[in-house]
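J.: I'd like to go over a predicted model; first the sequence, then the structure.
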Protein chains: 2
Amino acid sequence: MPIMIYTVGLGVVMSLLFAYANYRKVASMSAGTPQMQEIAQAIKEGADAFLSREFAIDIPIIVLISVLFGVFFTPWAGLSLLIGAAMSSLAGLCGMKAAVIANVRVTNAAREGVERKDETALGKALQVAFQGGAVMGLSVGGFALLGLLIVYLLAGFWQAFANPVNLVPIKNWLGVEMTVFTQVITCYSLGCSTVALFNRLGGGIYTKGADMGADLVGKSELGIPEDDPRNPAVIADCVGDNVGDVAGNGSDLLESTIGSISAATVLPTTMYTVLKNSSNPETARISDELLTRMMQFPLTVVGLGLIACIIGIAYVIYKKASNHPSHELNLSLWSSAAMIGLGSLVLSLIFFRGQDTAPAQFRFGWVSPWLAAIIGVVAGITLGMLAERYTSERYKETQDIAELAKKGTALLITGGMSSGWRSCLPACLVLGGAVILASFFCGSYGSPIAAVGMLSFVAATVTVDTYGPISDNAGGIAEMSKQDPRVREITDSLDSQGNTTAAIGKGYAIGSGVLAALSLMLSFSESIGQQGESMTITNFLLIGGAFVGVGLMHWLSGQMLLAVTRNADHMVEEVRRQFREIKGLMEGSAKPDYAQCVRIATNSALREMVKPCIVALATPIIGGFLLGPLFVGGLLLGTILDSVTMATSTANSGGAWDNAKKYIKSMETELTAQYGAARYKDIHDAAVNGDTVGDGFKDVVGPNQDIMIKLMSTMALIWAPVFAAVNLFSLIAK
Amino acid sequence: MPIMIYTVGLGVVMSLLFAYANYRKVASMSAGTPQMQEIAQAIKEGADAFLSREFAIDIPIIVLISVLFGVFFTPWAGLSLLIGAAMSSLAGLCGMKAAVIANVRVTNAAREGVERKDETALGKALQVAFQGGAVMGLSVGGFALLGLLIVYLLAGFWQAFANPVNLVPIKNWLGVEMTVFTQVITCYSLGCSTVALFNRLGGGIYTKGADMGADLVGKSELGIPEDDPRNPAVIADCVGDNVGDVAGNGSDLLESTIGSISAATVLPTTMYTVLKNSSNPETARISDELLTRMMQFPLTVVGLGLIACIIGIAYVIYKKASNHPSHELNLSLWSSAAMIGLGSLVLSLIFFRGQDTAPAQFRFGWVSPWLAAIIGVVAGITLGMLAERYTSERYKETQDIAELAKKGTALLITGGMSSGWRSCLPACLVLGGAVILASFFCGSYGSPIAAVGMLSFVAATVTVDTYGPISDNAGGIAEMSKQDPRVREITDSLDSQGNTTAAIGKGYAIGSGVLAALSLMLSFSESIGQQGESMTITNFLLIGGAFVGVGLMHWLSGQMLLAVTRNADHMVEEVRRQFREIKGLMEGSAKPDYAQCVRIATNSALREMVKPCIVALATPIIGGFLLGPLFVGGLLLGTILDSVTMATSTANSGGAWDNAKKYIKSMETELTAQYGAARYKDIHDAAVNGDTVGDGFKDVVGPNQDIMIKLMSTMALIWAPVFAAVNLFSLIAK
């Protein structure tokens, strides 16, 4: 159907051109005083240094995996994997390049506004930050779909795609039977996942190690303010925002998008094979036409979503600057959402009207896929609102936690943990409800379409997500270059509005990640089901696998938290050393050695990320060869279930501690009047401890959960035909 | 087979008589000085007051449930439930009555030993504590099996038991078809579970609230030592040890034992029905004889285990006192384990030799059930050893956490959390491996038999578990009555040895609980499978249920932690109030109001335990009626998987923080010399914070996981036939 290629092609071209235009626009603005430029330069160099060292580790690993896949499966598999990795890296790189030039320009816009006593200073600074963020958002959407198009065209699969009869499995030189189309899509997705894992995990360990280290010595031990230029870790902290929260987050959401599309595209192919090979005469045969349409629908929806986001983003950028940041941000999100809601109804009609949809279990005919997509959108928004309800200081939950700070650190910690754990039930009810409803409407096709629905406005989400760290950096630059406090007020206001909207983005990332992984698991189960093995929960290999799965996710989470802890530990040592050894540092007469902190954070992050990455990549394959596909099915189920609660609880506990600290800080005058300054310091210290614990929770452990499960599910799906044919357990049990 | 009734009857009679003898023996000992007796009296009264108020809440709820079950199912169901509740309560009561008289007598034995300069003072105090603990251990074993015997005999089911053909389902007056035998066993188990939940949860909230409250103000704010008589919460803390760690723990393990036996007894009945009703001519028919033997084997193994434990316990009590507590404790455990290992091989031979075991999927004939039981024993011991490796200060893991205390509370917390999370992988590998191996040997019968194997020496485990809090109380009494420091040294030494052995007990509780719940879930799935519904992981209701299951367990855990936090919060307020308002309290010239703290802890604990208990009891039923059995199957799977990691991680993080604090305390001299007194205080404070966070983790959240999942699985199993017949979803989907 030409509609897919036109929609996607248009979206890709528009988004990449618009991203470039935004980059040029931001670059053309003034970067402020020489002192500001010097600080911005240091951040830029730190970020570049991190990324180039990270690429030096990533590239050989990814090339190695690609070659192995190329040899073991088909050359197309290896090539797709490489292209996926390249697209993910390119998006991260472009977005970060824009962010490190936008940050200082936001500070400068605020500074000029304050100097000119311009009433729209906030709005103008907002537009700069938003434009900087839009480069990332548009790059993520554009490169993700560009890569998919390239993969199809390069491999000559356009024809295969139009005609699923070509999905008949072929044998490679090892005699393993596999569908090349499935392989190309999943390997492209795997390439994106692998880079996302490296960027998100490496970047996360970097940023949180630096952040925690800076806070632990600066705020807690020495009592100097956040972002104080005397703190040697302060530049590393700003660099971290860019490598973790900009590049890492962008790769993460790019991977979520591709993961959802690939799950929704591959699932029909496995269903097709099942229904085609079914010996049961009662099973209705699915038509080739319907199947083709089911495969093309998800990509078209995302292409349409990209166009809708471009319109939403352009509207915020080109309208008159206003002083209501939350209004602007919400406007861009909601207008995109509305356009997608309407557009996908039309697409659903174009694709499925007049088709006999009974074999695909569409309960309400052509409208069913639209219903599933809308359930995804609603579930995503609900998850985001729940996250806000559990983390925003405007709600009772976080205020209660802040109240516990008066009883000391221990109760603040248990109160925050408890809140995070409790928040898992509503989130799981939403996710479970979404799966049940979407599947009720659309059969197995429902869950992946719900995920696609959630992620169709990824460009808008990433834009808002990136706007946050840019504003945060802008605040840091204002502090370090000793601007008028009103400049900092503006950047703080931008940042805090971004936090609220970003909570919705986090809900999206978790929700869509889980649905995508679930869909990949369904595809895996269907493809194993073809060999006649039924994935029932009474099967002991499956149960054993599920136990290992939950244990594995906890181990991976523990490793990530340990990595952050160790990195922060090194940073604490270094900051303490500089304050001890550099004379005059505390008094402000000497300069700290920022570069050394950047080096420590870089080395520590890169060293720590290797072990969890390798374990996550290797476990499904090793498990499959040892204990077979039923074990792997259980393993995937276990990892998915465990990741839901781990991601939700760590994100919400961490967010709540962060905001509890801000809440206490905002009440400083009242609390000091009531309890005295010494007691206020104790209360604030307890809150800082909570925030520090939460840093690793919410920004490293939480966001990596969905990447891990999608990586493992994709890996399992690719290798399924191999270890279904050969595994140790089936040899022994014979 | 008469061998079952003889073995179990002999075990019950011997254990209850021996428990009574131990009680009399301990009661006849001297309780020391009037001051010691006064303190002991206050603890006893506090414990009695808590239990009688708790029973006042429990009894109406349990009677109500029994009546409902009696009406809705059969009168036998209601009666069995009542008897289960009674047995669990009786065991907890007897054990606690012994513990509250033994504690002061341990202090006195140590005191007399120190005064006489007796070199075996430690050994003599050990024997008193061990005898006190044995009353609990033997009561648990004795009452658990006594109740099962009564239930069979009262309901006239002895015959049914001997002849499984009577298992043919009957219809009750509501027209619901059900097997009465299954009902009686599961309802007895449900009665035990319900009381266990109340005791464990209420007791846990009580004890940890008091403990944390006492520490937060006493140790952290005022810098007075643990168990200092000036601290108003100190009696409540001692009471808590008895209601939580003695009565609560006893009911917990009683329930684990009955849960495992009932799972192993019920599973063959569902397998039987499946195999009997199978239309597949290839499915081999299982013989009535083999089925009867499979149903009687687990109870006989536990009966034999009880006798072995009696011998092991008697040996420690009647041999000459020695000064190696760990040696004595291990001796009683290992000798019991060895006897059970040998005895169960003989039982396996008696029960299964000469039978055609192929239909039951016994891979190695008669020896298979023994192999499964041994796998359970080995897995239990391995889990215990893993727990020790992650929590004992003799290992690197805990030493690393202690090291982080030098970097402040925040890193100590993240380090401990990380360690607890990472510890889940080895635990899950052991559990997953046990399930796979036991099922490989014995089919579905393998997992429950492995659980039965683990729990066959429950009497010895509970004895050692109870010995710990008795010694802890003895130390508190020594401190409060201002004994010679050497008396406290003896009780501390007893306590710390108990901790190590108790770690193995915790591994047992988690492992056996998970295997038992898994077996109940298998029974549930088998009984649903009879209606032709297949529990595959591609079913969306099942996946939806699994999401809700993991969310629910996290919510329940969060509620428990919140309850502890709130209780501690109230206690902090009260202790601060007393120090503020009672003049001369800090100087030691005035006495605190202990009773008020006891009242606050009691009220708070009882109020907080109601909500999670009701949710846990009601969810499987409500879920079943709304969304049907596939949803409930997923729900059970989700709760089981979530509980494994939650139980393991909270137990190990909490244990590690506790021991890290002890480790730092033991290094006081070195650390003070190296860093100075002020810095040592900071380090110690950080460690106390970690310990306080861990209190709620390891003693409330962790131990209640297995009770919750067994309660829900049992509930689901009982109600399965009802909501399989009627549920809202099937009405809508039609």
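T.: Right, received. Where do you want to start?

J.: what about the strands in chain A?
T.: Assigned strands in chain A, in chain order: A:170-171, A:177-178 (criterion: DSSP state E).

J.: which helix or strand in chain A has the lowest average pLDDT?
T.: helix A:158-162 (a mean of 49; mean pLDDT, DSSP states H and E).

J.: could you report the neighbour count for the residue in the stretch 101-250 of chain A positioned nearest to chain B?
T.: Closest contact between the stretch 101-250 of chain A and chain B, by Cβ to the nearest Cβ, is at residue A:216 (5.7 Å). C-beta coordinates here come from the backbone N, C-alpha and C atoms, glycine included. Counted with other Cβ atoms under 10 Å in any protein chain shown, residues neighbouring residue A:216 total 26.

J.: isn't it right up against residue B:404?
T.: No - applying Cβ atoms under 8 Å as the test, residue A:216 and residue B:404 come out as separate, 11.1 Å apart.

J.: residues near the closest residue to residue A:94 other than its chain neighbours, how many?
T.: Spatially, and ignoring its direct neighbours in sequence, residue A:94 is nearest to residue A:139 (4.4 Å; Cβ to Cβ, 6 or more residues apart in numbering or on different chains). Residues near residue A:139, counting by other Cβ under 10 Å, number 32.

J.: okay, which residue is most central for chain A?
T.: The centre of chain A sits closest to residue A:252, judged by Cα atoms, centre = their mean, with a distance of 3.4 Å.

J.: report pLDDT for that one.
T.: You'll see residue A:252 listed with a pLDDT of 87.

J.: one more: residue A:277?
T.: Looking at residue A:277, its pLDDT stands at 58.

J.: residue contacts, the closest residue to residue A:231 other than its chain neighbours?
T.: With Cβ to Cβ, 6+ apart as the criterion, residue A:231 has its nearest non-adjacent residue at 4.4 Å, and that residue is residue A:218. Contact analysis of residue A:218 by Cβ atoms under 8 Å, 6 or more residues apart in numbering or on different chains lists A:224-226, A:228, A:231, A:233-234, A:575.

J.: among those residues, which one has the most neighbours?
T.: residue A:233 (31 neighbours).

J.: I figured it hits residue A:568, correct?
T.: No - taking contacts as Cβ under 8 Å, residue A:233 lies outside contact range of residue A:568: 9.6 Å.

J.: gap between residue A:286 and chain B?
T.: Distance from residue A:286 to chain B, counting by Cβ to the nearest Cβ, to the nearest Å: 17 Å.

J.: does that residue touch residue A:358 like I think?
T.: No - the criterion here is Cβ under 8 Å, and residue A:286 misses it with residue A:358 at 9.2 Å.

J.: and the two? Which one has more around it.
T.: Using other Cβ under 10 Å as the criterion, residue A:286 and residue A:358 rank with residue A:286 on top: 23 against 12.

J.: model confidence at the more buried one, what's the number?
T.: 74.

J.: cool, and residue A:539?
T.: 90.

J.: may I see the buried residues of stretch A:470-486?
T.: The neighbour-count check on stretch A:470-486 (16 or more other Cβ atoms under 10 Å in any protein chain shown) flags A:470-481, A:483 as buried.

J.: a markdown table for the residues you listed, including distance to residue B:319 and pLDDT?
T.: Below are those laid out as a markdown table (distance: Cβ to Cβ, whole Å; pLDDT from 0 to 100):
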| residue | distance to residue B:319 | pLDDT |
| --- | --- | --- |
| A:470 | 74 | 92 |
| A:471 | 73 | 90 |
| A:472 | 68 | 87 |
| A:473 | 72 | 90 |
| A:474 | 75 | 92 |
| A:475 | 72 | 89 |
| A:476 | 70 | 88 |
| A:477 | 75 | 91 |
| A:478 | 76 | 90 |
| A:479 | 72 | 86 |
| A:480 | 73 | 87 |
| A:481 | 78 | 87 |
| A:483 | 79 | 88 |
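
J.: export those to JSON lines and tack on distance to residue B:666?
T.: As requested, the buried residues of stretch A:470-486 are exported to JSON lines (distance: Cβ to Cβ, whole Å):
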{"residue": "A:470", "distance to residue B:666": "50"}
{"residue": "A:471", "distance to residue B:666": "49"}
{"residue": "A:472", "distance to residue B:666": "44"}
{"residue": "A:473", "distance to residue B:666": "46"}
{"residue": "A:474", "distance to residue B:666": "50"}
{"residue": "A:475", "distance to residue B:666": "45"}
{"residue": "A:476", "distance to residue B:666": "43"}
{"residue": "A:477", "distance to residue B:666": "48"}
{"residue": "A:478", "distance to residue B:666": "49"}
{"residue": "A:479", "distance to residue B:666": "44"}
{"residue": "A:480", "distance to residue B:666": "45"}
{"residue": "A:481", "distance to residue B:666": "50"}
{"residue": "A:483", "distance to residue B:666": "51"}
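
J.: among these, which lie within helices?
T.: Using DSSP state H, A:470-480 are the members of the buried residues of stretch A:470-486 that sit in helices.

J.: so residue A:228 sits against residue A:482, correct?
T.: No - between residue A:228 and residue A:482 there is no contact under Cβ under 8 Å: 10.3 Å.

J.: how far is the top helix by length along chain A from where the chain is centred?
T.: Secondary structure assigned by DSSP H gives helix A:594-666 as the longest helix of chain A. With Cα atoms, centre = their mean, to the nearest Å as the basis, helix A:594-666 stands 12 Å off its chain's centre.
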